[in-house]
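Asks: prediction below, plus the sequence it came from.
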Amino acid sequence: MVNAKDSEIISSRSNEFFDNQWKIYQKVLNSNYMGHREIYDVLHKFLLSYFQKPFKILELGCGDASFTAQALLNTSVESYKGIDLSQAALEIGNSNMAAIKCSKTFIEGDFSELVPQLVKNQQDSFDAILISFALHHLLLKQKDYVIGNLSNLLINNGVLILIDFVHKQDENRETFIRRYLEAVQKNWSLLTPEEYSMVENHISQSDFPETQETLYSIAQKHNFNRVECLYCDSLDTTQLLCFYR
C-alpha cells in the first residue's frame, strides 16, 4: 500500500512543478523536447486500430490533456475520465478536450490514492487506461501497488498504456538521470540556465524510472497476459508500452 508520507511528498513535488513551472512545461511541449508529437501520433494510430467499438478511457496524471485530446480525435471514444493533482491543469484540460465528443469527467487528486478507491467502489471499468510521464514519480512498491489496482479496473481485453522514462538494464537510477540530463543540457536549447536548473532539480529529486524488464515483471504478476512496445525514442530513454489484460 502507498505510504501516506511518501505519497504526500510526491504529490507536493509534482503539483509544485506543474503549478509553479507552467512556463517551462509549455516551452518543453512546444519545442517537442520529450518527443510528444511522435509518441502521441503512435498512440492515435493505436487507438484507431485497436478500438473499433466505443471505448472508455481513464487517464492518470492527465495534466492539461492537450496531447491526449489530439490522440482521441476521430476515435470511437465514448467516455474520458482524467485525474490530476493540479486544478489549474484540469481546467485547461477541460477546455482542450472540448472538441472530443464524449462524456468527460475531471477529478483533482493523487491517482495513487484515488485508483484504489475506484477499485473499492466497483463502479467504474475501462477499456483503456493511460499514464503518461507520471508513473515514474512513484517508487517501485508504489508502482506495483498501482498497477495491481489498475488491472482490476480494466475489462477483459482492456489495455494499460504507459508512456514513460525507461532505463536500460545495465543502468541504475543515477546513471540514467545523468545520461538524460546530459541530453537535456545539450538539446533543450531554449531553456535559460535558471529553467535548466529547475528541470534538473525536479528530475534528480522526483524521477524513479524502471527497466523494461521490471515493468514487464510487474505486469505479468498482475494478470496482464501480453506486453508490447510501440515506441522507443532515439536516446533509448522513453517508451510507449501496452499491457494487455
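Replies: Nice, I can see it. Since we're looking at a predicted model, the values are computed, not measured. Numbers count the residues shown, from 1 in each chain.

Asks: which residue lies farthest from the center of the chain?
Replies: Ranking residues of the chain by C-alpha distance from their mean position (Cα atoms, centre = their mean) puts Pro193 at the top, at 26.8 Å.

Asks: spit out the contact partners of it.
Replies: Applying Cβ atoms under 8 Å, 6 or more residues apart in numbering, we find Pro193 in contact with no residue. Glycine gets a C-beta too; all of them are placed from N, C-alpha and C.

Asks: gap between it and Gln21?
Replies: Taking Cβ to Cβ, to the nearest Å as the measure, Pro193 falls 15 Å from Gln21.

Asks: flag the shaky bits of this protein, pLDDT-wise.
Replies: 1-20 (pLDDT under 70).

Asks: now the strands for it?
Replies: Using DSSP state E, the strands of the chain run over 55-60, 77-84, 103-108, 126-132, 154-167, 210-211, 226-232, 238-244.

Asks: distance to Ile147 for these - can I get that in JSON lines?
Replies: Below are the strands of the chain laid out as JSON lines (distance: least, Cβ to Cβ, whole Å):
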{"stretch": "strand 55-60", "distance to Ile147": "11"}
{"stretch": "strand 77-84", "distance to Ile147": "15"}
{"stretch": "strand 103-108", "distance to Ile147": "19"}
{"stretch": "strand 126-132", "distance to Ile147": "9"}
{"stretch": "strand 154-167", "distance to Ile147": "7"}
{"stretch": "strand 210-211", "distance to Ile147": "11"}
{"stretch": "strand 226-232", "distance to Ile147": "12"}
{"stretch": "strand 238-244", "distance to Ile147": "8"}
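
Asks: to Asn187, which of the ones you listed lies closest?
Replies: strand 238-244 (13.1 Å; Cβ to Cβ).

Asks: just want the angle from that closest one to strand 126-132.
Replies: 160 degrees (axes from the mean of the first three to the mean of the last three Cα atoms, to 10 degrees).

Asks: pull the distance from strand 238-244 to the chain's centre.
Replies: Relative to its chain's centre, strand 238-244 lies at 11 Å (Cα atoms, centre = their mean, to the nearest Å).

Asks: other residues contacting it?
Replies: Contacts of strand 238-244 (Cβ under 8 Å, 6+ apart): 34-35, 39, 42-43, 46, 147, 157-166, 212, 215, 219, 224-233.

Asks: of those, grab the buried ones for PyMOL.
Replies: A single PyMOL command selects the buried members of these (16 or more other Cβ atoms under 10 Å):
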select buried, resi 34+35+39+42+43+46+147+158+159+160+161+162+163+164+165+166+212+215+219+224+227+231+233
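
Asks: can you count the residues close to Lys168?
Replies: With neighbours defined by other Cβ atoms under 10 Å, the count for Lys168 comes to 14.

Asks: which residues does it contact?
Replies: Residues in contact with Lys168, defined by Cβ under 8 Å, 6+ apart, are 176, 211, 236.

Asks: rerun at 6 Å
Replies: For Lys168, no contacting residues are found, by Cβ atoms under 6 Å, 6 or more residues apart in numbering.

Asks: now do the contacts for Asp127.
Replies: Counting by Cβ under 6 Å, 6+ apart, Asp127 has contacts 55-56, 155, 158.

Asks: for the chain, just list every one of the helices.
Replies: Using DSSP state H, the helices found in the chain span residues 4-20, 22-30, 36-50, 66-72, 87-96, 111-121, 140-153, 173-187, 193-206, 212-221.
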